[in-house]
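**Student:** sharing a model that was predicted from the sequence below.
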Amino acid sequence: IKIDKLMVLDIGSHADPFDMAFIRGGTLAKYAKWKHSVVMGSVCGGNTEEGDRVAKGTLNGDIELAHRVVGVICEVCSNIVVITHSADFNNEHRVLSEVVLNACLKARLENVQTGNSSFKVGHLYYCDTVSGVSEVSIWMDISDTVEAKLDALKEHKSLSIETGIVSFESVEYIIERDRL
């Protein structure tokens with residue numbers, strides 16, 4: 001079976017890409033291992049004002065943000081878009097999940113003012129939440145890419161016990177827990 005090269009787009013809600021590595025890192029590494037292209041991006045991209053708006057849940061109805069997400073989807077021609085499930089406990093994730101769903105639908109329309117041609121996203125995948133409250137129907141075996149995921153998590157030095165962060169919130173704790 002020949003599988004065409006895919007473009008996988010993972011959209012996060014925080015300037016720090018920790019959630020993407022933590023929640024979806026093994027899956028993204030698997031796509032990369034299969035020689036597909038993987039693009040990760042944040043809606044706030046380090047912009048603290050926008051990050052505050054995400055945190056307050058004020059992105060609903062934000063036409064400018066919706067058009068930017070549509071523009072990225074169309075620009076990278078993402079066959080697969082990956083996002084945290086809307087049932088997540090984190091408000092930022094819930095809000096962004098809705099924005100991305102709407103953007104995937106709007107990306108099909110020619111009249112969206114993004115400067116890009118329309119594009120039909122093949123699949124929108126919602127990842128399970130950290131607390132496991134969503135109903136997951138597709139699981140990906142990441143046993144062969146879990147080390148790549150853990151290596152990505154190690155890069156988050158600001159979450160290390162060495163910085164004084166509480167043990168159970170540290171990247172070291174999370175890595176050890178994921179190894180179990």
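**Tutor:** Arrived safely, thanks for sending.
**Student:** the bottom helix or strand of the protein by mean pLDDT?
**Tutor:** Lowest on mean pLDDT, DSSP states H and E among the helices and strands of the chain sits helix 48-56, with a mean of 58.
**Student:** C-terminal to that helix, which secondary structure element comes first?
**Tutor:** helix 63-76 (DSSP states H and E).
**Student:** what element comes up after that next one heading to the C-terminus?
**Tutor:** strand 80-84.
**Student:** quick one: buried residues of whichever helix or strand comes after that next one?
**Tutor:** Going down the chain from strand 80-84, the next helix or strand is helix 91-106, by DSSP H and E. Using 16 or more other CB atoms under 10 Å as the test for burial, helix 91-106 gives Glu92, His93, Arg94, Val95, Leu96, Ser97, Glu98, Val99, Val100, Ala103, Cys104, Lys106. To be clear about C-beta, it is placed using only N, CA and C from the backbone, and glycine gets the same treatment.
**Student:** contacts only, for the nearest residue in space to the third one that is not next to it in sequence.
**Tutor:** Once its chain neighbours are removed from consideration, Arg94 has its nearest residue in Ser86; the separation is 5.3 Å (CB to CB, 6 or more residues apart in numbering). Ser86 makes contacts with His93, Arg94, Ser97, Glu98, Leu101, Tyr126, as judged by CB atoms under 8 Å, 6 or more residues apart in numbering.
**Student:** for those residues, which one is nearest Ile63?
**Tutor:** Glu98 (13.8 Å; CB to CB).
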